[in-house]
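Peer 1: sequence and computational prediction follow.
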Amino acid sequence: MGAGKHAGKILILAEDACAYPGADATGQGHMSYSADTYILRVKASVLFPEQFYLDCFSKGIAGIIIMSCGAETPYPGAYEALARRIDRVYVLMKERGLDIRRLRLTAICTVCTRAFLKEVQQMQDLVCQLGAPGSEAAAAPAGAAKALQEQ
Amino acid sequence: MGSRQNRRFDALVLGGGIAGLEAALNLAEQNFAVAVVEKDASIGGKMIRLSKVFPTLDCSSCITTPKMAAAAHHPNIALFTYCEMQTLERRGEDLVAGILQKSRYVDVEKCIGCRQCEYQCPVLVPDAEQGGFAARKAIYIPFSNAIPQKALIDTDNCILCGRCAKVCPTQAVNYFEQPEEFHLTAAAAVIATGFEAIPLEDKVQYGQGRIPNVITALQMERLLAPHGPYNRVLRPYDGMEPDSIAFIQCAGSRDQSLGVPYCSRVCCMYAIKEAMLLSGALPLADIAIYYMDIRAFGKGYEQFYQTAQAMGVNFVKGKAAYLDPGENGAVRVRYESQEATGGVQVAEHDLVVLSLGLVPAWDPQGRCLLSTGGDKFIKTVKPKTAPTLTDLEGVFVAGAAAGPKDIVDSIAEAGAAAMEASRYLSKQ
Amino acid sequence: MALVDPDFAAELKAYGVDTALDCFNCGTCAAICPLNFEHFPRKMIRYVQVGAKQKILQQAQDLWRCLHCGLCTRTCPRQANPGELILGLRRYVLAQFRRA
Amino acid sequence: MAQKKKPALAPEPTPGGKVGVYVCHCGGNISDAVDVEQVCAQARRVPGVVVARDQMFMCSDPGQEMIIEDLKSGLVDRVVVASCSPSLHESTFRNALLRAGANPYVYEHANLREQVSWVHHGPEATAKATRLVAAAAAKAARLKPLEPIRVEVQPRALVIGGGVAGMKAALELAARGQAVVLVEKSPFLGGQVAQLQELAPEGETAAAVISELAGAVLGHPAVTVYTCAQVEGFEGYIGNFKLKVVRKPPLGATYADRLEKLSKSGQGLGEYVPFVGVMPATIPESPEDFDLEAGVVVLATGMRPYQPRPGEYAYKNFPEVVTLPEFIRLQAEAEGEGDTLMLHGRPIRGAALIHCVGSRQIPGIHAENEGGYLNEYCSRTCCAATLYAANLIRDRYPQTKIFDFYRDIRTYGRGQEELYTQAAASQVVFFRFEAGEEPQVLKNPDPQGPPLLVQVKDVLTFGEELEVPVDLVVLAVGQEPNNIAGLVQQMKIPIGADRFLQEVHPKLRPVEMSVAGILLAGTCQAPFDVGETCAAAGAAAVKAAAILARGFVELDPFVAEVDLSKCTGTGACVEACLADGALSLVDLEVAGQKVRRARVNPVMCLGCGACVAVCPENAINVQGWTLKQFESMVDLIVSDEYLEGA
Amino acid sequence: MPDKTVENEAGKEALKKLRATRKDQIAAATSRVKEQRREVKAIKESLADSELTVPELAAATGLPVDQVLWYVATLKKYGEILEGPKAGSYFRYRLGQPPAGEPEAEQESTN
Amino acid sequence: MFNPTDIIDLLAANVRQTRNPFGVRPSRFNTWWRGLSGFTRRPGDALLFTGLMYQAIPYINATTRYLERLEGSSWAGCLRWGRLVPASLRGRGLSVLTSGADRKKFNGILQTICRLLRQSEVNFFYHPEMDFYSGILLYDLGDQDGFVRHARFVARTLQLHGVRKVITVDPHTTYALKELYPRYTGASFEVQPYFSLLQCRGSERGNGKPPVVLHDPCFYGRYLELSEGPRRVLRDLGLEYVEVRNCGEFTSCCGGPAESVSPALNREILGRRAAELKAAAAPVVTFCPICLANLLKAGLPVEDLASLVGRYLAPEEK
């Protein structure tokens, strides 16, 4: 599948205390971004197991942005646990030939509208470039694998 | 009078800033019915207008909005925004407040905050919420996270062209709305009317607001806020990204020549905070703070100050005496360098921030029998064992209404005032 | 090492110098002074505070540079009256010289 | 908690709900960008959706009535509203469900305004709105009714510490009609304030402050005071703390000085004695202990003054070097009248006050204290206290000269800058030193002069080295937290890098500990003066009062729940849990067999879901936010099925 | 709504009265609006075929530099101007697309 | 090291001998009133008290020109003054050095003030033997004893003549009489600067004239807070004026007082102030003889308030 017009769907896990209101603030400012984005309101992203992310990719989600509260999470320790989990997801993604840039962990606050737009744009550009999940391994297995190794 | 709004509550809270909201929430949580009277069109006070807060550097909006929302949704709290309290008097067991509901010219029951009116309005007005650095319209929602999300019209700038009324999906615009007076009755009241910065015009030596690129610390908050006027830090004079920024401390505090002999208490810390945020936003910029004494007295504050020093913020001991416009929008700062080889120096900066002294935002004179101190802030009668007690029975004070105070101390005091008030209410 | 002489300030009261200790050394007077001269006038005020009598006598000529324009006094945040202090020190120094 | 037994091994999604979808036009705000009718039409194709309607303003009365009607008629039992952001109207619609007699938690909100119509345009907007509504419907179909967790609260507060903070907190709670037990480890009420004389900046006496508070505490029928008492056992959770309190005679001669002063004073029990405090009861002869139940605990364990190391500013090298609290007492007990302060028969013609002793210590510049720590913080109160003392001496003993050595004068509070101004007017001479260039306290080489010589490199005098001969050096020592390692360990509460107790968040929850139901008041949290301590105590009391007055605590039902049919007792969840005590493994009998299974303590659970992610069986979930719900939302987002033929 | 026209008639009359009472404010505000339109137009025209910094825009339009920045900030807020790359210490700005659903306010005010 | 007593002792001796710091009899230079028509010496309500400041300016100018040539370093001036000036100051040589045009100009200002007061129907009188130097320089230089002695003499003399109200024409004399005399001599007079007494309301003769920029003297602007007076006069006349940033209470010193200490320092400070005034791009108006003389040196178009007002209100009788 070519990296053409259709960019592929982007899933955003937006934590309730910070990033979700941040996305609302972006809307209040009428700041446009890709409509291929689907925001799930979550209490804490630490809830999702490794498999959830892999499943999303196999269901066809092209990119996932976890918009957490970072260290300001209302759940002490959750961010650290989440970061460790994401590291493990990256290992699993590599094993499956998925470009790990398809999953991004970031912190967005209630007024971080510009950061929100930037994250979405970057992921949008990336999934445009990479195409559907899994296609990267098929297209250029050796190169992609090498690029992944270097990351 | 005799308006439908005349209502009875257990407690009145005057001021919907962080102190007022905290006091109201603490009272409401004990099942008292509370009315919050706020003079602005949104609750949130000064705090919601800040970028980040010291010493934790959390985003100010992220701390304030949950409290604003909690108050707005609390079943025991009624918000009266855009209302002035004109009188507060004791009548036997009751405190009776005379309230003036200023006209919004928009029916808040109907307005759904969609901003269609704002987009259609043709008038550009300097937006005080953005330090005047960008424009709003003549009909507008005060700011993005305002509560309530309801529009209002600024009649000084409205040309009555009728477009807003035409586009409003709920017919909420009412050009003929009249201000309304009504009474609120309660047994206890908490005064949480906060502070204002002294006017920039007061200090002749600092240019009285006429030197380009000399701004107030509250304006700097807007420049630093992610949803600020430029979405980045630029000089308001010409849009240049500044390379050198200076903070002038005690600009109107500890200064008997201006009639503000007291310390404004928060300026050292907010200047350090803004300096830190600036060094994050503009990593290559030089940042200097001209000061007499750094008053980093609170929990974690001294460590915050030390961190700023370690980050390379230049702390210059000496009160800046005179500001002058320099070449190409620069600002010249004259000060005495106290080092042995120092003497009078003139430093040039691209942008200068005045840490203006704080004065009370509300004067009870002529409105109620509350006394003020020599500093014009509300007087407290038992500052040690009951620090929120005023000289008017059943009336308590919290936050900067009783002297300049940072957010942490204001919140603590708001809790204490709510406690005193609830104690008073349970005696009744 | 200079020894601090806390009695000097009291001695100067006779010459109308009675606000020196009100100064908290912010430097406004020095920076606003049109003379633009080193630490003047704060230097003199500080010498009064710590009782550095000899320093004042050694640098006495600096006192007569002052224009008596009063800007320092108007600007002083502590109302320590730096301009009048300089006048008072002139009186003191003159008395010392006449006595000598 | 309403826990419905799930059928064992429920097959993949057979959501039972009858979902009603209600889409708002928002007066054009949504419908201008999104084809609302098409969204409704497609929503009807989503499994589980029984009805989809649109309305100009869902939040209006007719809109809400429409939902209530459908619920009441039994047409729907799950509700999705697609309108503006949930932050604006989620609570509105949950209340509508309540009014319809339904459970408010069978509700899901789709954000079609802030996150669709205001940011996207054209057919994309409608497509996205459709997918979001479908996803919300999928989640809604899997929602089940929830009840808030209700915890009964023991109607009693335990206050630990009998200083100003503890007494003030106890009084406030008692005044609100709550029973309070106050435990104090020493035999006295009054804490550190009783060791002072007059309080900056207004000059109230410690005697007045302590007498007022202790008198009221001892006179209040709702307050029970135990002195010589400590908490030695702690368990439980908010509303239901179980504590063991032990009263025993103090160790050795800990309070010998104060007891002696008390007996010399001739004052009885319950009366204030300067530099002692108020002793309300006799010291127990032998240890006694008792159990106590409390709904909330207020920590008011206070501070102690920094004790300089021997040799620090020549402390202990010369008898003329004393700390500020020591000086206050010496001064209060000074003999004679005259215009010069006399201490131990010696006239004090000049005294040096040195600020920041044991405060604002900087790594690499200052030596570590015994125990290997530095007090990097500012102690907040010493500047005002020192200036107050300076003014007091200048006022009473005009022949005693004062020399003040500071780094920054921090008279931040109301009435404090005036102290500094007044000190200047009283002819106090100030010197400023930099960290690392502290003044040196030496023996005066001039045998005719006073015994001590203070040397300083003075910033104010252009870095010149100055010398001041003095009769006395007073060290303005800072505040350190009292050692409460035992309590900290028992209660599993956090302390900060500054060794003071660490609140959850300085602005959001400034008087709460991370363990729900434990509050903190006063100088155990940070250095405070008396007024600030009372404010902090009031703030702690108001939180405690809210909990106690209601008699129960209602917590969000969004907590973890174990599906015993799936749990195999691996313990992975317990390992991952971020809230101490929220999850544990327990022995159960299932079908006659003893097994170990995970159990949630819903009171302690934060609902973060850290456990959910690690369970190999997906046997644990956060109610209202289950993994399955999220997965089904993703399924509907990626699915194109219901989009066809629209 | 059946009686909308009736309401409108009465409304128009009342509005006329209101306009009369606020005559001075309206006149002042209207002249400001006209000036703003002119200045905004000048800025947009200067940006029509080039990306410019604020001082460059000031030079091109003859407007005071701080006034230009004020318009730029405002137009950026409403999406009509976009921030481009940095040139030295200044950012360049270019024209953007006005958000849909927001017709260009070209017709003169009814006043 | 420089011993300021030299110069101060000299000035004090001059004041003792001649009641002014120049060592010249007042009758030699206080000549402005001679031949002024319509002038009255009859005792009236208020004494016009010039303090001899305007009259002295030509002498000060001459001295400064002389010193400037001698000055090497900034302090050399003082030293040389101390050593060299006494002879020239005492002798009649100084009168020779003064310029006749200068004398005419400054005397003319006093004459205009008289005319203005008359026109405003102020009940005043002048008597050259009741007009003294105030002693302000001795006070400024720190010769408290010399000042007090002189001030007591002046005060006593005025009191002997029954003077209660005084009209002053310059800020230094005003300050001395208003603030210092009560403090150091116990004698209080009702002191008013002449401009407070002028009635020009309704004349509006200044309408349409080009604006002027005001330079406030330190003593009027700051010490006495009287800057509003001249502004009122200008407004009443319908004359427009512009303000520089440093005005009124925050006015900048023109450097005049430094003349006697260091002409170089004087030039530096004058240069800064002149630049500020120049930026206002309007003719300068001031109301102090020292400021006037000093600003004239800077080559600015400057005139005295009295001259300006006089042109509109009381043109010289031909």
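Peer 2: Cool, the structure landed. Numbers count the residues shown, from 1 in each chain, chains lettered A, B, ... in the order given.

Peer 1: so where is chain F shaky, pLDDT-wise?
Peer 2: For chain F, the stretches with pLDDT under 70 are F:1-4, F:37-43, F:63-98, F:202-204, F:206, F:260-261, F:316-318.

Peer 1: what does it have sitting close to chain B?
Peer 2: Within chain F, the positions near chain B by Cβ under 8 Å from any Cβ of the partner chain are F:245, F:249-250. To be clear about C-beta, it is placed using only N, CA and C from the backbone, and glycine gets the same treatment.

Peer 1: I'd like to know which of the residues you listed is nearest to chain A.
Peer 2: F:Arg245 (38.6 Å; Cβ to the nearest Cβ).

Peer 1: the strands in chain F, which residues?
Peer 2: For chain F, strands defined by DSSP state E occupy the ranges F:46-49, F:124-125, F:165-168, F:190-193, F:212-215, F:241-242, F:284-286, F:302-304.

Peer 1: pipe these into a markdown table and attach mean neighbour count and distance to D:Gly496 per row.
Peer 2: Compiled in a markdown table, these are given as follows (neighbours: other Cβ atoms under 10 Å in any protein chain shown; distance: least, Cβ to Cβ, whole Å):
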| stretch | mean neighbour count | distance to D:Gly496 |
| --- | --- | --- |
| strand F:46-49 | 23 | 73 |
| strand F:124-125 | 18 | 78 |
| strand F:165-168 | 22 | 68 |
| strand F:190-193 | 18 | 66 |
| strand F:212-215 | 25 | 60 |
| strand F:241-242 | 14 | 59 |
| strand F:284-286 | 25 | 64 |
| strand F:302-304 | 23 | 67 |
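
Peer 1: minimum distance to F:Val154: which of these has it?
Peer 2: Nearest of the strands of chain F to F:Val154, taken as Cβ to Cβ: strand F:46-49 at 9.2 Å.

Peer 1: immediately after the helix or strand encompassing D:Gln331, which helix or strand?
Peer 2: Using DSSP states H and E, D:Gln331 sits in helix D:324-332. The helix or strand immediately downstream of helix D:324-332 is strand D:341-343, counting by DSSP H and E.

Peer 1: quick check: buried residues in stretch C:85-97?
Peer 2: Residues of stretch C:85-97 classed as buried by neighbour count (16 or more other Cβ atoms under 10 Å in any protein chain shown): C:85-95, C:97.

Peer 1: B:Phe80 pairs with what?
Peer 2: Beta bridges link B:Phe80 to B:Val37, judged by DSSP bridges.

Peer 1: the stretch 301-450 of chain D: helices as residue ranges?
Peer 2: In the stretch 301-450 of chain D, the segments counted as helices under DSSP state H, counting those that start in this stretch are D:324-332, D:382-396, D:416-425.

Peer 1: one more: the stretch 201-318 of chain F?
Peer 2: Here the stretch 201-318 of chain F has its helices, by DSSP H, counting those that start in this stretch, at F:218, F:228-237, F:263-279, F:289-297, F:305-313.

Peer 1: nearest to chain A, out of the ones you listed?
Peer 2: In terms of Cβ to the nearest Cβ, the element of the helices of the stretch 201-318 of chain F nearest to chain A is helix F:263-279, at 42.1 Å.

Peer 1: for the residue lying closest to C:Asn81 once chain neighbours are set aside, what are its contacts?
Peer 2: In space, not counting the residues next to it along the chain, C:Asn81 is nearest to C:Thr19; the distance is 4.6 Å by Cβ to Cβ, 6 or more residues apart in numbering or on different chains. Counting by Cβ atoms under 8 Å, 6 or more residues apart in numbering or on different chains, C:Thr19 touches C:79-81, C:84-85.

Peer 1: can you count the residues close to the residue in the stretch 51-200 of chain D that chain B sits nearest to?
Peer 2: Closest contact between the stretch 51-200 of chain D and chain B, by Cβ to the nearest Cβ, is at D:Ala175 (4.4 Å). Each residue near D:Ala175 was counted by other Cβ atoms under 10 Å in any protein chain shown, and the total is 22.

Peer 1: output the helices of the stretch 301-450 of chain D in TSV; the columns should cover mean neighbour count, distance to B:Val106 and mean pLDDT.
Peer 2: Output for the helices of the stretch 301-450 of chain D, formatted as TSV (neighbours: other Cβ atoms under 10 Å in any protein chain shown; distance: least, Cβ to Cβ, whole Å; pLDDT from 0 to 100):
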stretch	mean neighbour count	distance to B:Val106	mean pLDDT
helix D:324-332	19	59	94
helix D:382-396	23	49	96
helix D:416-425	22	45	96
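
Peer 1: relative to chain E, which of these is closest?
Peer 2: Judging the helices of the stretch 301-450 of chain D by Cβ to the nearest Cβ, what sits closest to chain E is helix D:416-425, at 36.5 Å.

Peer 1: quick one: that closest one near chain C?
Peer 2: Yes. Judged by Cβ under 8 Å from any Cβ, helix D:416-425 comes into contact with chain C at D:420-421, D:424-425.

Peer 1: with respect to chain A, which of those residues is nearest?
Peer 2: D:Tyr420 (37.5 Å).

Peer 1: now that closest one: how far from D:Tyr22?
Peer 2: Using Cβ to Cβ, to the nearest Å, D:Tyr420 is found at 65 Å from D:Tyr22.

Peer 1: low-confidence stretches in chain E?
Peer 2: Checking chain E against pLDDT under 70 turns up E:1-7, E:97-111.

Peer 1: could you rerun that using 90?
Peer 2: Along chain E, segments meeting pLDDT under 90 span E:1-15, E:49, E:77-80, E:87, E:96-111.

Peer 1: contacting residues around the residue lying closest to C:Leu71 once chain neighbours are set aside?
Peer 2: Closest residue in space to C:Leu71, ignoring its immediate chain neighbours: C:Ile32 at 5.4 Å, by Cβ to Cβ, 6+ apart. Counting by Cβ under 8 Å, 6+ apart, C:Ile32 makes contact with B:205, B:321-322, B:334, C:71-72, C:75.

Peer 1: again, but for C:Asn25
Peer 2: B:338, C:42, C:45-46, D:430, D:432, D:460.

Peer 1: ok, these vs chain A, which is closest?
Peer 2: Using Cβ to the nearest Cβ, the shortest approach to chain A within the contacts of C:Asn25 belongs to D:Arg432, at 37.4 Å.
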